[in-house]
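# Need a 3D model of the sequence below.
(chains A and B)
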Amino acid sequence: MRLSKILKNTLLVLTACLVLSACATKKEVATDIQGQMQGDVYTGTDTVEYLADGVPDRVFFATNESILTTASRETLRAQAAWLRKNPNINVVLEGHADERGTREYNLALGERRANAAKDYLMTYGISSDRITVLSYGKERPVDSGSNPLAWSKNRRSVTVKAN
Amino acid sequence: MTRKILILLFILIPINANALIEVDITRGNLNPLPLAVSPLSIDEESRKGFEKILKKENIGSEISNIVENNLRTSGLFNPLDKKAFLQAPDIANLKPRFEDWNLIKAQALITGKVNYVDDKLRVEFRLWDVLAAKEMMALAFTTVPNNWRRVGHIISDKVYERLTGEKGYFDTRIIYVSEEGPKTQRIKKLAIMDQDGANNKFLTLGNELVLTPRFNPASQMVTYLSYFKNMPRVYLLDIETGTQEVVGDFPGMTFAPRFSPDGKKIIMSFAKDGKSDIYTMDLENRIVEKITNHPSIDTSPSYSPDGKYITFNSDRSGYQQIYVMKNDGSDVKRISFGNGLYGTPVWSPRGDLIAFTKLHKGKFYIGVMRTDGSGERLLTENYYQEAPSWSPNGRVLIFYRETKTNSKGEGFSAKLWSIDLTGYNERQIKTPTDASDPSWSSLLSN
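Numbers count the residues shown, from 1 in each chain, chains lettered A, B, ... in the order given. Next up is the predicted model:
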């Protein structure tokens, strides 16, 4: 099951590389990819911190999207398991957007992203009482770069311990 | 209270209605009108009096400098170099030698006089039509000396109105967000300044993140977003008293506030469960009304000047677009249909246009369209810019622009810019720190 998933992902990346190498902007995209982006969703670990061993604190989104990727759902399931094991811990889900959008829309988009994460945690048994949602829009980027890789790191929902 | 200082205004001589010069402001600044701003004359005793109180060597010249600067930055006028002036200020104010002013190609002339009377500043000024050799306007003001900059702005407004036929926008202020520090940890404060950048003052300390301040069109109140105690909420601030209060009792984030044109309501977004809807709150009876009800993001609401309609930003079609609806939320119509994404719609105070930000192919544009979405016109293109705010006469837009950082993530800046509705006369407005989210006040005096 797991192996087949890895194989499938590798295949996807390979296909993506093949498609991309065929187009004119090959060079730029190639440096962005290097295993750090899939589509325009960040898949690297540079900025990720851990709530506990094997429990990453954040999930990433595509431009203008709030859909959870397969990897994001895996991260959130790990967070849900950790929260179930630690019933006294409450969390704040901080939603963020990249700098390529208007400020007010990005505030709403950050809220929508954090809520997508919240909904998923709830389906894995975490009570909404333990979760607060907070949007920062584009106000708190982790990477100050003006390039697709930096933006992908900034489109995120971060789970932060509230107590 | 310090701001509400009475400025007494006298019309010295009835305004001559059949003037010859007129500035066509619909065409931009290709041919700004050449005019001469003669320094306001001042007698030695008054000069010394003001020097003592205001620490300005010659208050007459200072006031005319303000007038000159305002008229130049409007892009519609070309104030001529004072060195070329042949007539002394005091004599010019009595009776200009029109041949002399004609010789240096001035088509209009501003003269005046400053007096120190009973601890007050008394200013009179005259506007002359050089070609017709006629006086067009004469006015006098009496106020407290500290108000001297405002006198300069009011003179500018009167001249602008007389020559263009439209109200000016110089006796106004800009509220904005001052920014400092690295891009990942910006310190933001509310700041206010005169329209020309003078009298800059910080209104908050920077302890919490603040965003999107907007003036009440009817008073000196401001609404803005603050992250006080890490709760993003809409606040109300009285800039005279410094009193702040949270607007409404919403169980979550409120943002994107603006006043209704009569200043009695705040319209804003409230975000819950991944949906943002538009609400209003009446400031007198505190009644909250839900205006939109849609699973999409509805934000950036802005009223039409008659209060009957609301334009707003929504992604209900799948992407950010601009919509117009009646003020009760009925009759929602999408009006933006061009390529790209549209945000931050703001209704012009004249009622005929909506200004917006557009994102298309990685570039940001400030543009205007008619209120039915027709006649889209893009005024300026850049790496990043957004959030236009109208001058009270609907002629100029102020907005902010951010720079692209280099490969190391360095070189970020945010600055205020203004541009004429015609797309001409784009200029940066200098601020002591980086700046964003500007909002233009109404005219302080009328």
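
# Run through the bridge partners of B:Thr311.
Counting by DSSP bridges, B:Thr311 is bridged to B:Ser302, B:Val324.

# ok now do the residue at the greatest distance from the centre of chain B, which residues does it touch?
Here chain B reaches farthest from its C-alpha mean at B:Glu99, the gap being 37.4 Å by C-alpha atoms, centre = their mean. The contact partners of B:Glu99, by C-beta atoms under 8 Å, 6 or more residues apart in numbering or on different chains, come to none. No exception for glycine: its C-beta is placed from N, CA and C like everyone else's.

# what comes up buried for the helix or strand containing B:Ile154?
Element membership of B:Ile154 [criterion: DSSP states H and E] is helix B:148-164. Judged by neighbour count (16 or more other C-beta atoms under 10 Å in any protein chain shown), helix B:148-164 contains these buried residues: B:148-160, B:162-164.

# And stretch B:438-446, by the same measure?
Neighbour counts over stretch B:438-446 (16+ other C-beta under 10 Å) mark B:Pro438, B:Ser439, B:Trp440, B:Ser441, B:Ser442, B:Leu443, B:Leu444 as buried.

# Over to stretch B:45-54?
B:Ser46, B:Arg47, B:Gly49, B:Phe50.

# Which of those residues fall within helices?
B:Ser46, B:Arg47, B:Gly49, B:Phe50 (DSSP state H).

# for the nearest residue to B:Ile59 once chain neighbours are set aside, what are its contacts?
Nearest residue to B:Ile59, sequence neighbours excluded (C-beta to C-beta, 6 or more residues apart in numbering or on different chains): B:Phe50, at 4.3 Å. B:Phe50 makes contact with B:Ile42, B:Lys56, B:Ile59, B:Val114, B:Tyr116, B:Leu121, B:Pro145, B:Trp148 under the criterion C-beta under 8 Å, 6+ apart.

# and the residue most central in space within chain A, what does it touch?
Taking C-alpha atoms, centre = their mean, the centroid of chain A lies closest to A:Phe60, which sits 1.5 Å from it. Neighbouring residues of A:Phe60 by C-beta under 8 Å, 6+ apart: A:Val41, A:Tyr42, A:Thr43, A:Thr69, A:Ser72, A:Ser152, A:Lys153, A:Arg155, A:Arg156.

# which of those lies closest to chain B?
A:Lys153 (10.9 Å; C-beta to the nearest C-beta).

# Please verify my assumption that that closest one contacts A:Val48.
No: assessed by C-beta atoms under 8 Å, A:Lys153 is found out of contact with A:Val48, at 9.4 Å.

# higher neighbour count, the two?
Between A:Lys153 and A:Val48, counting by other C-beta atoms under 10 Å in any protein chain shown, A:Lys153 is the more crowded of the two (22 against 17).

# distance of that one from A:Lys138?
From A:Lys153 across to A:Lys138, the span is 13 Å (C-beta to C-beta, to the nearest Å).

# got the residues of chain A near chain B?
A:64, A:66, A:99-105, A:107-109, A:111-112, A:115-116, A:119, A:133-135, A:139-147, A:150 (C-beta under 8 Å from any C-beta of the partner chain).

# I appreciate the help and will end here.
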